[in-house]
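*Asks:* test case, fold it:
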Amino acid sequence: MASSGTYNFSMDIDEVIQEASEMIGGEQTLGNEPKSARRSINLLLQDWQNRGVMLWSIGTSTVSLTTSVTAYAFSSATVDVLEAVHNRDNRDIQLQRISMEEYMKIPNKGQTGRTTQYAIRNGRDFATMYLWPIPENSTDTIKVETFTYLQDVNKSAVETADISRKFLPCLTAGLAYNMAIKRPGVDMNRINMLKTEYEERMLRAMEQDRERTNLLLKPRIMV
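*Replies:* Numbering: from 1, shown residues only. As a prediction, the model looks like this:
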């Protein structure tokens, strides 16, 4: 017998909800459960981003600078900035990130020059990047590595979750746990089992979703 030769496995939201319901067991509750399940999925995805950065949500964008403009706002989809470099004549120079408290203590925020530092204010709706020194021309750019919110789940049919498929096992288990909490009559031992299974699957997925680079630590010996 031959294997399929395909690598396209995915699950739409309907299938995720069905799998989670089967994990809970017992009779399904109809009515508002699909809507409730989609809400739980959105809350679950938000909780994942509170735990750490998902690699597939990272992207590089370019910010065009304007002479003497201090602050640059990102879209509402941006959670935070991971790294930033200043580009001039196709040469990138790494910028130092400072806290907003450190930025506020800079005495001359209107000083112009080649930007060397930036601070991020994470507002309720969007993040804003503050530069220092402020741009001395309108030809330089800032390249930023940002991570964004995962896309919302709005429909059960045809739509898929905005996740890597390696996270599908923990999505189904996490949804089963959250649905079991809300569904009346589910045995507490079953709920605890679902929680344990979810956390184990989540741990395995997070261990796989990481950068695979070598870490070299050099001690600094002071004489």
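*Asks:* all contacts plus neighbour counts: C-alpha atoms, from now on.
*Replies:* Noted.
*Asks:* and Lys35, how many neighbours does it have?
*Replies:* Lys35 has 13 neighbours, counted by other CA atoms under 10 Å.
*Asks:* residue contacts, it?
*Replies:* Contact partners of Lys35, counting by CA atoms under 8 Å, 6 or more residues apart in numbering, are absent.
*Asks:* that one and Gln46, how far apart?
*Replies:* As judged by CA to CA, to the nearest Å, Lys35 and Gln46 stand 17 Å apart.
*Asks:* got it, and Arg190?
*Replies:* Taking CA to CA as the measure, Arg190 falls 24 Å from Gln46.
*Asks:* can you check Asn178 too?
*Replies:* For Asn178, the distance to Gln46 - CA to CA - is 14 Å.
*Asks:* so for these two, which sits in the more crowded spot?
*Replies:* Neighbours were counted for Asn178 and for Gln46 using other CA under 10 Å; Asn178 has more, 23 against 15.
*Asks:* list the contacts of that one.
*Replies:* Shown in contact with Asn178 (CA under 8 Å, 6+ apart): Ser40.
*Asks:* parallel or antiparallel, list what pairs with the longest strand along the chain.
*Replies:* For the chain, the longest strand by residue count, based on DSSP state E, is strand 78-88. Partners of strand 78-88 in the sheet, by DSSP bridges, are strand 91-94 (antiparallel), strand 141-148 (antiparallel).
*Asks:* for Thr112, which of those strands is the nearest?
*Replies:* Each of the strands paired with strand 78-88 has some distance to Thr112 by CA to CA; the shortest is strand 141-148, at 14.8 Å.
*Asks:* can you name the element that comes right after that closest one?
*Replies:* helix 168-182 (DSSP states H and E).
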